[in-house]
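> Below: sequence and its predicted model.
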Amino acid sequence: MTGFIPTYRVILNDIRKSIASGQLKQGDKLPTLQELATKYDCSLGTARRAIEILLETGEVYGHQGKGTFVGPRP
């Protein structure tokens, strides 16, 4: 086993770490899908997958046309 971690998981983990450390606080805007794709050198679909997981778990919320924001802590 090579220990390969899919890029969407790297993005997901990095955002979660930023939230846990307080670097990203409730109400802070996340980078756009394009910004994430550029930063992690991946497709928009890969970046979208990471954000969709965060949306499903309630860690972030989206406002159409405005962006994705850090949600309240449980």
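Yes, it's here. Numbers count the residues shown, from 1 in each chain.

> so where is the protein shaky, pLDDT-wise?
By pLDDT under 70, the low-scoring segments of the chain are 1-2, 74.

> Just the helices from the chain, written as ranges.
Applying DSSP state H to the chain gives helices spanning 7-21, 33-39, 44-56.

> closest one to residue 70 among those?
Nearest of the helices of the chain to residue 70, taken as Cβ to Cβ: helix 7-21 at 5.9 Å. The C-beta positions use only the backbone N, C-alpha and C, and glycine is treated the same way.

> Next, the angle from the closest one to helix 44-56.
40 degrees (axes from the mean of the first three to the mean of the last three Cα atoms, to 10 degrees).

> Just the CA trace of helix 7-21, in PDB.
Only the C-alpha atoms of helix 7-21 are listed here, as PDB (Å, rounded to 0.1, in the frame of the first residue of the first chain):
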ATOM      1  CA  THR A   7      -6.900  15.100  -3.300                       C
ATOM      2  CA  TYR A   8     -10.500  15.700  -2.200                       C
ATOM      3  CA  ARG A   9      -9.600  14.200   1.200                       C
ATOM      4  CA  VAL A  10      -6.500  16.500   1.400                       C
ATOM      5  CA  ILE A  11      -8.700  19.500   0.800                       C
ATOM      6  CA  LEU A  12     -11.300  18.300   3.200                       C
ATOM      7  CA  ASN A  13      -8.700  17.700   5.900                       C
ATOM      8  CA  ASP A  14      -7.000  21.000   5.400                       C
ATOM      9  CA  ILE A  15     -10.300  22.900   5.700                       C
ATOM     10  CA  ARG A  16     -11.300  20.900   8.800                       C
ATOM     11  CA  LYS A  17      -7.800  21.700  10.400                       C
ATOM     12  CA  SER A  18      -8.200  25.400   9.600                       C
ATOM     13  CA  ILE A  19     -11.600  25.400  11.300                       C
ATOM     14  CA  ALA A  20     -10.400  23.400  14.300                       C
ATOM     15  CA  SER A  21      -7.400  25.700  14.800                       C
END
